[in-house]
Each structure stands twice: as structure tokens, then as C-alpha cells.
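Q: Model the structure of this input:
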Amino acid sequence: MGRLFGTDGVRGVAGAELTIELATQLGQAGAYVLTREQAHQPTIIVGCDTRISGGMLASALMAGICSVGANAIYVGVAPTPAIAYLTRKHRVDAGVVISASHNPMEFNGIKFFNGDGYKLSDALEDEIEEMISNSMKDIVLPIGSGVGRIDYRFDIRDEYVEFMKKTVPVDLNGMKIVVDCAEGASHYTAVKTLQDLGAKLVAIHTNPDGTNINANCGSTHMEELQARVVYEKAALGIAFDGDADRMLAVDENGDVIDGDQLLAICGTNMKAKGILKKNTIVVTVMSNLGFSLMGEKNGIHVEKTKVGDRYVLENMLENGYNIGGEQSGHIIFLDDNTTGDGLLSALHLLQVMVDTGKPLSELAKVMEVLPQALVNAKVPNHKKEKFMEYSEIAEAIAEVEKKFNGEGRVLIRPSGTEPLVRVMIEGKDKAAIDAEAKRLANLITRIML
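A: Below you'll find the model as predicted:
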């Protein structure tokens, strides 16, 4: 069996790979590892997105938490960044989010935050995983009054809304905005925040039924939002994913503004205000080549990490930077919150628009997006790390790298959260890179399935 934790917690098909037994074990081992140094009876905040399996897994997880003597506060449906914030605000010992983010409805996941609201280090995740693989043999389960309690607090998501409005108090009076909540966790918090700030809001995909999260909507399916922004003659569109830790935008012309462009817009604005720490923006190796060129032009250092917002965050914390993120729309404003926060990113973008008076299409011109092809190769989850062990695949990759050397780049990596190998090629000729990326992805799928 491979490592239980991926780049964003433990994920799998709910009921099959992510079972109630595993959820209970994660509750037990996670609560034990994260709170064992506490002299008091520890407390853990738990929230979930809108998936039908969320309640089932939350109940199992909290049973595990309580079985080792810790208390649980269940807040129900809330964005991932809201759980990070509430964990800090209420000074509890840890937070847990049950979500599979942008993945299809049948998937779910469990990710932990420590008491400071940060995702766990690899070392802590390994410790939790080791306890589970050892059948929790070192855990002594209390009985009687030593068992933990569950407190249900569905009201405290409003504290996150107030935090958002206080953190970026942008005046949106009269600005027409279309927001796509992906039938997910932002369907209440984002709508209320933007309306309270004065926006003339057109909200779509705000009726989750447990099975429609991310279904042809949200940040992974932007087509409807693009059309709606143009139809409504809105200033922009905002798209969240299922757990609202990422955000992408649509300008007034219906064009998608990706995470690289959002980072460029907000980062250059921070530099102009003198608040961009060490004149640095942190991105991953998947960032568009145009982003690096933007940095050179604007005197901004571009720091690159492995793929995954956790690695962006680690670099930011280690080096004292205050903005970083991914092309997918995970953006971390470290002065404000401890994790990627879609609503916070949207508010910062809106603040730049209000301050400059410029339309989003003009702001986006701060960087030129070079042609990039990204194709996913479907492979068995347990094989995805081993794609380079197949000689035919390794030779084909080397051939493509040689072809584009000097006029682009090739980046191929396993997904941290899905049974996929991602093929990314960047270059000047869009048709050529699209064809090569599809050919390579088809080859990987054919050989590895």
C-alpha cells in the first residue's frame, strides 16, 4: 500500500477507499498525535463540504476523536479556510475538514490543521499513518467520564464571514458580480460576504443537494460562468471549487483569469503599495513561463516549489514571504489566513479593481500567458508514481523534451490527489504542444492501465 496521505490529506471514493473504519481510525490517531502534549482535555473543530458522504464520514471521524478522550465541535458545511480560521480563533487544539475539494461527488477526503491553522507536516502525517498501520496499539481508550463530547455549532460559520469583511473591507456598492459557488461549501459564506459588502450579486450553483458538487460548475467548469458574465454585463465572475480554498475569475469579456494572472495582479499591486515582503511571489513549477517573465519585468523575485499548495506555504513560512499560490487558483495571503482561501483571494482582487478603477481585462495584461497544454493520463492510483519505470514511456518523454528544448518545457508528474499522471507542455506553437501532450498522455494511459 502507498502512503495514506497525499498532497492534501487522505482522499478516496467514500465508502470504498475512504471507509467509515478508516475515518474512525483517522479521528483516533489524529486526535491522539495532535493533542497528546496537552494537559487539558483537547478540542477539535470539524467541518465538511456539501457531499452526501460528509455527514457519514464526520460522524465516524468524531466517534474516533471522542473515543480517545478529545472533544469535537461540529460546524457542519463550511469552507476549508473557514475551518483553519476558526481553529485559530477559538484556540482549539486542531481542525479537520472533510472534503475532496474539486473532485467528483463520489470522492471525499480528510485533512487536518494544527492548532495554529496550518496543514500538517509530512512528519506528523507519517506519525498518524504509522499509528493506524499498527492498529493503534499505543492508544489507551478512556471509559466513563473520560470519553469526549460532540458540540454542534452550525452558527459559527458567520464568524468567518465577519472576519472576511473586516480583513478586506472593500466597498462593492453597485458592482455587478456573478459568483459560481460550485454547489459547494461557499454557497452561504461567499454570497453573504459579497452581498454585505454591497455587491450587486448574481449567484449561481448555490443549491447543493449532496450529489451535484462541482458538477459542470465551479472553478473546474467555467463555461457557464463565462457566458453568464457577458450576458449580465457584469464587472467580473468569480468561481470557487467545492471546498472554496481556490478561486478563478472571469473578466468582463468572458475570458478566464487563472491563478498565475491573479497572483500577478495582486502581487504587483502589493509591490506598488510597499507590502510585498522581500519583493517575492512563491509559485510552483507548473506556473506559466509568462509569470517568470512578468517577475523580471516588474522587479519581483519568483520563487518556485514542488506542486502542491502545502509546499508553497512551507516555502513562504520558511522565508518570510506573504503571497504565493498555484495556477489552479489556490492563493495564500499569509498576512490574513494560514491556507489557500478562495473568498479572501476574490476580495483582494476586487480591492485592486476598486483602487485602480481598471477593468479586470486591463489588469490581467500585467502578464502574457504563453501557450500551455495540460492533459491528464488516467492510470491506476497505485501505479501513478512509477510511470518513469516503463521504458517506452521514459523514452517518449525524453523524445518530447528534446523536441521542445530551448523553445518551451515539458513537465510530467503524478497527481497528488487523483489517479492521474499530468502531462504539461509549454511552448510557442499551441497546436504542436496540444498534439504532443495528447499523444504522450494517451501513451501513458495505454501502457499503465
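Q: Quick check: V97 is in a helix.
A: No: under DSSP: H, G, I helix; E, B strand; the rest coil, V97 sits outside any helix and is assigned strand.
Q: Identify the residues contacting it.
A: G9, V46, G47, C48, D49, T80, I83, I110, K111, F113, D243 (Cβ atoms under 8 Å, 6 or more residues apart in numbering). Backbone N, C-alpha and C define where each C-beta goes, glycine included.
Q: Contacts only, for L34.
A: Going by Cβ under 8 Å, 6+ apart, L34 touches P42, I44, D93, A94, F112, N114, G115, L120, L124.
Q: Tell me which of the contacts of V97 has the lowest pLDDT.
A: Within the set of the contacts of V97, pLDDT is lowest for G9 (87).
Q: Quick one: neighbours of it, just the number.
A: For G9, the neighbour count with other Cβ atoms under 10 Å is 27.
Q: Could you do T193 as well?
A: Count around T193 with other Cβ under 10 Å applied: 25.
Q: what about it, helix or strand, and which?
A: helix 186-196 (DSSP states H and E).
Q: Touching that helix from outside, list them.
A: 50, 77-79, 82, 157-158, 160-161, 164-165, 172, 177, 179, 181, 201, 203, 205-208, 238, 240, 244, 342-343, 346-347.
Q: out of the contacts of V97, who's nearest K233?
A: D243 (30.4 Å; Cβ to Cβ).
Q: looking at this, that closest one is in a helix?
A: No: using three-state DSSP, the assignment for D243 is coil, not a helix.
Q: ok, it touching P79?
A: Yes: judged on Cβ atoms under 8 Å, D243 makes contact with P79 at a distance of 6.0 Å.
Q: Now the common contact residues for the two.
A: Common contacts of D243 and P79 (Cβ under 8 Å, 6+ apart): A185.
Q: Who has more neighbours out of those two?
A: Neighbours per residue (other Cβ under 10 Å) separate D243 from P79, with D243 holding more: 36 against 33.
Q: if we can go back for a sec, the contacts of helix 186-196 in helices, which ones?
A: Within the contacts of helix 186-196, residues falling in helices by DSSP state H are A82, R157, D158, Y160, V161, M164, K165, G342, L343, A346, L347.
Q: Mind giving me the PyMOL command for buried ones among those residues?
A: This is the PyMOL syntax for the buried subset of the ones in helices among the contacts of helix 186-196, where burial follows 16 or more other Cβ atoms under 10 Å:
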select buried, resi 82+157+160+161+164+165+342+343+346+347
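Q: a markdown table please, covering the ones in helices among the contacts of helix 186-196 and showing distance to L22 and pLDDT.
A: Listed next are these as a markdown table, based on distance: Cβ to Cβ, whole Å; pLDDT from 0 to 100:
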| residue | distance to L22 | pLDDT |
| --- | --- | --- |
| A82 | 25 | 98 |
| R157 | 27 | 96 |
| D158 | 32 | 97 |
| Y160 | 28 | 98 |
| V161 | 33 | 98 |
| M164 | 33 | 98 |
| K165 | 38 | 98 |
| G342 | 28 | 98 |
| L343 | 30 | 98 |
| A346 | 34 | 98 |
| L347 | 36 | 98 |
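Q: Looking at the ones in helices among the contacts of helix 186-196, which one is closest to I213?
A: Checking those against I213 by Cβ to Cβ gives G342 as the nearest, at 14.3 Å.
Q: which residues of this protein score low on pLDDT?
A: Scanning the chain for pLDDT under 70 picks out 1-2, 406.
Q: could you pull out the helices for it?
A: Under DSSP H, the chain gives helices at 20-35, 54-67, 80-89, 122-133, 157-167, 186-196, 223-232, 259-273, 289-298, 309-319, 342-356, 360-363, 391-404, 430-448.
Q: highest average neighbour count across those helices?
A: The highest average neighbour count among the helices of the chain, using mean count of other Cβ atoms under 10 Å, belongs to helix 80-89 at a mean of 26.
Q: Write down the beta-bridge partners of the closest residue to H90 other than its chain neighbours, one by one.
A: Spatial nearest neighbour of H90, chain neighbours left out: I45 (6.7 Å); criterion: Cβ to Cβ, 6 or more residues apart in numbering. Per DSSP bridges, the residues bridged to I45 are I73, G95.
Q: Thought G95 was touching I45, still the case?
A: Yes: when contacts are counted by Cβ under 8 Å, I45 is listed as touching G95 (4.6 Å).
Q: hmm, who's touching stretch 434-443?
A: Under the criterion Cβ under 8 Å, 6+ apart, residues 373-377, 392-393, 396-397, 400, 403-404, 412, 421, 423-425 lie in contact with stretch 434-443.
Q: hmm, try it at 10 Å
A: 371-379, 390, 392-393, 396-397, 399-400, 403-404, 408, 410, 412, 420-427, 429 (Cβ atoms under 10 Å, 6 or more residues apart in numbering).
Q: Show only the entries of those found in strands.
A: 372-378, 408, 410, 412, 420-427 (DSSP state E).
Q: circling back: doesn't G76 make contact with the residue nearest to H90?
A: No: in this structure, I45 is not within contact of G76 by Cβ atoms under 10 Å, at 11.1 Å.
Q: so what's in contact with these two at the same time?
A: R153, I156.
Q: Among those two, which residue is more densely surrounded?
A: More neighbours surround I45 than the other of I45 and G76, with 28 against 18 (other Cβ under 10 Å).
Q: for that one, what are its contacts?
A: 71-75, 78, 82-84, 86-90, 92-97, 113, 151, 153, 156.
Q: Would you list the buried entries among the ones in strands among the contacts of stretch 434-443?
A: Of these, these count as buried by 16+ other Cβ under 10 Å: 372-377, 408, 410, 412, 420-427.
Q: Which residues lie in contact with E418 in this structure?
A: Contacts of E418 by Cβ under 10 Å, 6+ apart are G6, R11, A100, H102, N103, P104, F107, N376, K378, V379, N381, K384.
Q: which of these tops the neighbour count?
A: A100 (31 neighbours).
Q: doesn't I52 make contact with it?
A: No: A100 sits out of contact with I52 when judged by Cβ under 10 Å, with a separation of 12.0 Å.
Q: first vs last residue of stretch 397-413, how far apart are they?
A: Start to finish, the residues bounding stretch 397-413 are 11 Å apart (Cα to Cα, to the nearest Å).
Q: so T284 bridges to which residues?
A: Beta-bridge pairing of T284 under DSSP bridges involves T305.
Q: I'd like to know how far K277 sits from V283.
A: Separation of K277 from V283 (Cβ to Cβ, to the nearest Å): 15 Å.
Q: ok, those two, which is more surrounded?
A: V283 (26 against 15).
Q: Surely that one touches G308?
A: No: under the criterion of Cβ under 10 Å, V283 makes no contact with G308, lying 11.8 Å away.
Q: shared neighbours of the two, which are they?
A: E326.
Q: got the phi/psi numbers for the closest residue in space to D429 that isn't next to it in sequence?
A: Distance criterion Cβ to Cβ, 6+ apart; nearest residue to D429, sequence neighbours excluded, is P371 at 7.2 Å. P371 adopts backbone torsions of phi -50, psi 140, taken as degrees, to the nearest 10.
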